[in-house]
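> Give the three-dimensional model of this entry:
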Amino acid sequence: MSRAYRDLSVAPGITPCAMLRIAIRRLHPDTLAVRSWRAARKRYYVELLQAHAEARALAPVACE
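A predicted model of the protein is given here:
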């Protein structure tokens, strides 16, 4: 699981869309404004989505 995902400290039960909204809100506005960082932001979001999918897959196992 990625460090960025752990730093968000979101519950695995939330939807991927809600997780992305939280991640976007926590980015600095200047980071969102720089057009040349768009590819880096996309990689960041994809990494977060993959980590969230892993956390969701492990969540039922952790509850048992």
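> Only C-alpha atoms from now on, for both contacts and neighbour counts.
Noted.
> what helices or strands is the helix ranked longest in the chain leaning on?
Longest helix of the chain, by residue count under DSSP state H: helix 38-63. Applying 3 or more CA pairs under 8 Å, 6 or more residues apart in numbering; DSSP states H and E, one finds that helix 38-63 makes contact with helix 3-8, helix 16-26.
> looking at those helices, which one has the lowest mean pLDDT?
Of all the helices and strands packed on helix 38-63, the segment with the smallest mean pLDDT is helix 3-8, scoring a mean of 89.
> on that earlier part again, now the helices and strands packed on helix 38-63 in CSV, please, with extra columns for distance to His52 and mean neighbour count.
Below are these laid out as CSV (distance: least, CA to CA, whole Å; neighbours: other CA atoms under 10 Å):
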stretch, distance to His52, mean neighbour count
helix 3-8, 7, 13
helix 16-26, 7, 14
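> what angle do the longest helix of the chain and helix 16-26 make?
For helix 38-63 against helix 16-26, the angle between stretch directions is 130 degrees (axes from the mean of the first three to the mean of the last three CA atoms, to 10 degrees).
> Figure out how far helix 38-63 is from the centre of its chain.
Here the centre of helix 38-63 is set off from its chain's centre by 6 Å, with CA atoms, centre = their mean, to the nearest Å.
> Including distance to Pro60, could the helices and strands packed on helix 38-63 go into a markdown table?
A markdown table is the format used below for the helices and strands packed on helix 38-63 (distance: least, CA to CA, whole Å):
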| stretch | distance to Pro60 |
| --- | --- |
| helix 3-8 | 18 |
| helix 16-26 | 17 |
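> among those, which is nearest Ala53?
Nearest to Ala53, of all the helices and strands packed on helix 38-63, is helix 16-26, at 8.0 Å by CA to CA.
> and after the closest one, which helix or strand comes next?
For helix 16-26, the following helix or strand on the C-terminal side (DSSP states H and E) is helix 29-33.
> Next one: the residue nearest in space to the middle of the chain from Arg35, what distance?
Nearest to the mean C-alpha position of the chain, by CA atoms, centre = their mean, lies Leu48 at 3.2 Å. Counting by CA to CA, to the nearest Å, the gap from Leu48 to Arg35 is 20 Å.
> Kindly report the same for Leu27.
Distance of Leu27 to Arg35, computed by CA to CA: 14 Å.
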